[in-house]
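Participant: A predicted structure for the sequence below; I have some questions about it.
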Amino acid sequence: MRGLVAASWGRSIAAGLQSDAAAPFAFEADELAAYRAEHPLSAVFPMLYDVLGRAAEDSDFVMAVGDSDGRLLWVCGRPNVLRAADGIHFTEGAWWAERQVGTNALGTSLEVAGPVQIRSAEHFTLLVQPWSCAAAPIYDPETQRVLGVVDITGTADASSPLSLAMVRAAARMAEAELGRLMTVRKVLGDSTRRMRISALGRPDAAVRIDGRDLRLSRRHSDIVVLLAEHPEGLSAEELSDALYGEGDDHQSSLRGEVTRLRALLGADIVESRPYRLHPDIAADWLETADDLDSHLLSSALRRYAGPLLPQSDAPGVVASRNRLENRIRAAVLQTYDVDLVAAWTRSYAGVNDLAAWERQLTLLSPTSPLRPAAQSEVRRLRTDYGLDPAGTEG
């Protein structure tokens with residue numbers, strides 16, 4: 001047994017697999033369609049089909065394209081070969097990771113991060129041993145992370161050295177095309193695309209992009225705010241946790257929401273793997289934070305129309321909302337500009353802020369016409385909070 005195959009069998013045994021294991025299914029039909037539509041490889045699947053899928057349909061093998069976890073997204077070939085492949089669950093939506101079904105070219109190539117050919121009896125499970133296969137991973141040309149894998153599976157033809165050369169060449173062609181598309185998107189984005197998001201003091205986000213004004217649903221507002229907060233992008237798990245909280249698996253719901261958001265904004269606006277917004281972003285709460293970074297409290301208070309998406313309960317949004325409000329309040333309590341403190345105490349966020357009213361009272365001159373009102377508010381709030389009303393007279 002070849003060393004590569006022996007190591008793979010060892011991993012299969014360690015995973016607790018039996019020799020009669022069958023590939024499980026990872027998606028329902030509607031979930032697969034949504035996931036596939038937003039996957040980066042959807043942009044290059046037509047090219048892969050043209051260079052390898054058509055050859056499969058002229059031969060006794062099938063071409064498959066899977067994601068980085070070994071789940072089959074596309075499978076194509078002649079109808080009679082596809083029916084035979086269905087018998088071993090080598091079909092769209094099935095999960096062919098090595099830990100799911102044991103040694104196979106598609107799953108093992110992802111494990112070793114390189115092209116792999118597995119011939120008949122080298123497969124770990126008996127059901128698959130009549131077949132041979134060759135596969136090669138496809139890398140993101142920008143991040144060098146594995147995006148997915150291309151595979152051909154069949155009988156005798158798939159065991160030849162030519163099969164391995166074919167999938168390796170197809171993978172490299174896909175990477176070259178991905179690189180070209182990224183360059184085109186970057187040029188177009190740098191020259192024309194800009195998105196403005198308004199989310200302060202609003203129950204939902206207002207978006208202006210390419211001359212279009214859109215009002216987003218509350219869940220889409222959460223997603224846009226979270227992605228704007230993280231221009232480097234978020235993985236599906238990170239975005240799910242920030243949107244729904246840690247614990248239950250919400251990634252299926254997340255995929256559906258992102259698919260609908262992409263349909264609304266444009267497929268080139270909301271990128272995946274990782275999830276991120278492609279255009280140049282301007283956002284009112286980010287500009288407010290920039291003002292605070294530059295010690296421009298007056299400008300920050302003018303921009304601050306209220307809390308960030310005040311009705312949102314998404315953990316990531318709540319954290320951003322609290323962080324921004326706490327930063328503004330801290331700056332207000334440190335300033336010696338009484339007008340800025342007064343602006344805060346007149347705002348929705350500051351109207352019941354006892355410390356800010358006390359700060360204002362301290363800064364007001366004894367003859368200021370604002371002083372009686374400030375004293376009254378301090379007494380009211382101290383009473384409301386169970387404190388001595390006369391504790392601070394300024």
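Facilitator: Cool, the structure landed.
Participant: Give me the buried stretch members for the host helix or strand of A6, please.
Facilitator: Assigned by DSSP states H and E, A6 belongs to helix 3-14. Within helix 3-14, the residues that count as buried by 16 or more other CB atoms under 10 Å are 4-5, 8-9, 11-12. C-beta: built from backbone N, CA, C; applies to glycine.
Participant: Neighbours of Q18, how many?
Facilitator: By the measure other CB atoms under 10 Å, the count of residues near Q18 is 12.
Participant: what secondary structure does it sit in?
Facilitator: Recorded secondary structure, Q18: coil (DSSP: H, G, I helix; E, B strand; the rest coil).
Participant: for it, phi and psi?
Facilitator: Per-residue torsions, Q18: phi -100, psi 160 (degrees, to the nearest 10).
Participant: ditto for A199
Facilitator: Main-chain dihedrals, A199, degrees, to the nearest 10: phi -140, psi 0.
Participant: Need the three-state assignment for R276.
Facilitator: R276 - assigned by three-state DSSP - is strand.
Participant: Show the model's pLDDT score for it.
Facilitator: On the pLDDT scale, R276 is placed at 91.
Participant: ok, what's across the strand from it?
Facilitator: R276 has the following beta-bridge partners by DSSP bridges: E271.
Participant: and it, what is it in contact with?
Facilitator: 227, 230-234, 270 (CB atoms under 8 Å, 6 or more residues apart in numbering).
Participant: List only those of these flagged as buried.
Facilitator: Using 16+ other CB under 10 Å, the buried members of those are 227, 230, 233-234, 270.
Participant: Just flag the most distant two among those.
Facilitator: Greatest spatial distance in these: H230 and V270, 13.0 Å, computed using CB to CB.
Participant: would you say P372 is within a helix?
Facilitator: Yes - counting by three-state DSSP, one finds P372 located in a helix.
Participant: show me where this structure has strands.
Facilitator: Under the criterion DSSP state E, the chain contains strands at 61-67, 72-76, 116-118, 132-139, 146-154, 194-198, 206-209, 212-215, 270-271, 276-277, 280-283.
Participant: how close does L261 get to R321?
Facilitator: The gap separating L261 from R321 is 21 Å, by CB to CB, to the nearest Å.
Participant: For the chain, give me the ranges with low pLDDT.
Facilitator: Counting by pLDDT under 70, the chain contains low-confidence residues at 29, 156-157, 185-193, 391-394.
Participant: redo that, cut-off 80
Facilitator: Applying pLDDT under 80 to the chain picks out residues 28-30, 155-159, 184-194, 210-211, 247-251, 267-268, 273, 279, 390-394.
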